[in-house]
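> give me a 3D structure for the following:
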Amino acid sequence: MENNKTLYTTFTKMAIKVAMINEYPLKKAKALVAKKFEDHPFEKFILKSIKNDEFNNETLIKLTNNCINICEEFGPDRDYITLILVLESINLETLPKEIKKDISSPIVAHFREEIIKINKTIPAPPPFNMFLETRSLIEWSTMFGLYYLIPKKKQGKNKPVLLMPPYLGNDTSTKFVRKYLKSVGFKTYKWELGVNMINSKYLPKLVERLDEIYEKHGEKVSLVGWSGGGIFAKIIANRYPDKVEQLVTIGSPVWGVNNMQTPLVRVLEFLRGKTLRERNDKFLKELEEIPKVPVTCIYTKTDGLVPWKHCLEAETMRKNIKNLEVYGSHMGMGANASVLVTVANALIENTQGKKPKGFITKLENMFFPKFWERKKGDIVKDLISIPNYN
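Below you'll find the predicted structure:
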């Protein structure tokens, strides 16, 4: 949060300055910026910052450069897209209809360009992570026995879920995920398109599959995509939000794919395109958009194939966008107990509007990095309270 304080303090000053340059008085400019951050994760801090900070005489150019420098120091981050969209919205809303010289728009455009440059610098997974992918053999082989030990709670209520396999995978790849979701009460569907070669020809057939399931159940369908399957799932969620209940991606690159550094060369060959350049640019543009449905992105920082930062969506955009970290390899995510539990919990929460609760859920938290990143006192307190949890 300390890093966010520095960034958002500078950014709010810049946003206020944009409104003031467009002839908004200070009080009105502050009110507009505050409104843009309603329901934001850092709303309380931002409102306090806007209220307490004395607005100085720094120029918009200086404030913009300061903000860009901070982002550059912190490194690539998908959440910067929220800042870009907020700033563009403020500029568009405050820009006078009749203006002799538009000062703010070029600076706002410069801010977007520089942030995009920063977000193009995500490095490829380190060699050690690639080596760790060998543990996927252990993850898959042990899951046959571990599966029966994973807690199961019947809360799916027969809601439909369409699953899409990873690059070079097929419906067998999603076997454990489908089996687990079925055991907790969901109605799961295979993609039935053979091996996923990341080919555009799958999209029309996937849309037909979505329509078929939607009509059969008479309700929206949840989409779950692993790795390359998540690319298709996100594009479909963007195109058909009226038929998609939510999107869950598992180790999927959901943004910045055009510049992604990865051993998965074939994915880049298709998405960057050589013979289908124009068509692929359209897909890339769609992939950058954020679906208007609940989004849950599951990732692992030890991913050896996809840079994990590409697997995160902008949580600061909306409350129903979440990034959840698990332990494990990229190739083993389909046989990872934490992934199975996370997918099920996300589907339950977004279809029922409430988080799963109870002793089992409390116990499950111990298997996620977030549980162990807290203060020691809080961890001990939770561990002690587990046996008495109802």
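> CA atoms for contacts and neighbours, from now on please.
Noted.
> which pLDDT value goes with Thr174?
Listed pLDDT for Thr174 reads 97.
> right, and it touches Leu162 too?
No - between Thr174 and Leu162 there is no contact under Cα atoms under 8 Å: 10.5 Å.
> need the per-residue pLDDT for Leu363.
57.
> what of the one 5 residues further on?
Per-residue confidence (pLDDT) for Phe368: 58.
> can you check Arg279 too?
52.
> use 844 as the first number for this chain going forward.
From this message on, residue numbering opens at 844, which makes the last subject Arg1122.
> name the residues that touch the longest helix anywhere in the chain?
The longest helix of the chain (DSSP state H) is helix 845-864. Helix 845-864 is touched from outside by 869, 872-873, 876, 888-889, 892-893, 898, 902-903, 906-907, 909-910, 913-914, 917, 926, 930, 933-934, 937-938, 946-947, with contacts defined as Cα atoms under 8 Å, 6 or more residues apart in numbering.
> pull out the buried residues from it.
850-864 (16 or more other Cα atoms under 10 Å).
> let me know the closest of those residues to Ser1070.
Leu850 (31.2 Å; Cα to Cα).
> in stretch 1040-1049, what counts as buried?
1040-1041, 1049.
> the helices in the stretch 844-993 of the chain, which residues?
Listed in chain order, the helices of the stretch 844-993 of the chain (DSSP state H, counting those that start in this stretch) span 845-864, 869-879, 886-895, 903-917, 923-937, 947-961, 970-975, 979-989.
> and what of the stretch 1094-1233 of the chain?
Using DSSP H, counting those that start in this stretch, helices in the stretch 1094-1233 of the chain cover 1108-1115, 1120-1131, 1180-1195, 1202-1207, 1212-1215, 1219-1228.
> which residues does Leu1090 bridge with?
Bridge pairing for Leu1090 (DSSP bridges) gives the partners Leu1066, Val1138.
> now do the contacts for Leu869.
859, 863.
> deepest-packed of the helices of the stretch 844-993 of the chain, please.
Sort those by mean neighbour count, taking mean count of other Cα atoms under 10 Å, and helix 845-864 sits at the top with a mean of 20.
> pLDDT on stretch 1152-1163, on average?
Here the average pLDDT along stretch 1152-1163 is 95.
> low-confidence ranges, this protein, go.
Applying pLDDT under 70 to the chain flags residues 844-846, 896-899, 943, 1107-1123, 1198-1233.
> any chance of the helices of the stretch 844-993 of the chain in TSV, with distance to Glu1168 too?
Shown next, in TSV, are the helices of the stretch 844-993 of the chain (distance: least, Cα to Cα, whole Å):
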stretch	distance to Glu1168
helix 845-864	20
helix 869-879	28
helix 886-895	24
helix 903-917	20
helix 923-937	20
helix 947-961	23
helix 970-975	16
helix 979-989	17
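> measure stretch 1126-1142 end to end?
Stretch 1126-1142 has its terminal residues 22 Å apart, counting by Cα to Cα, to the nearest Å.
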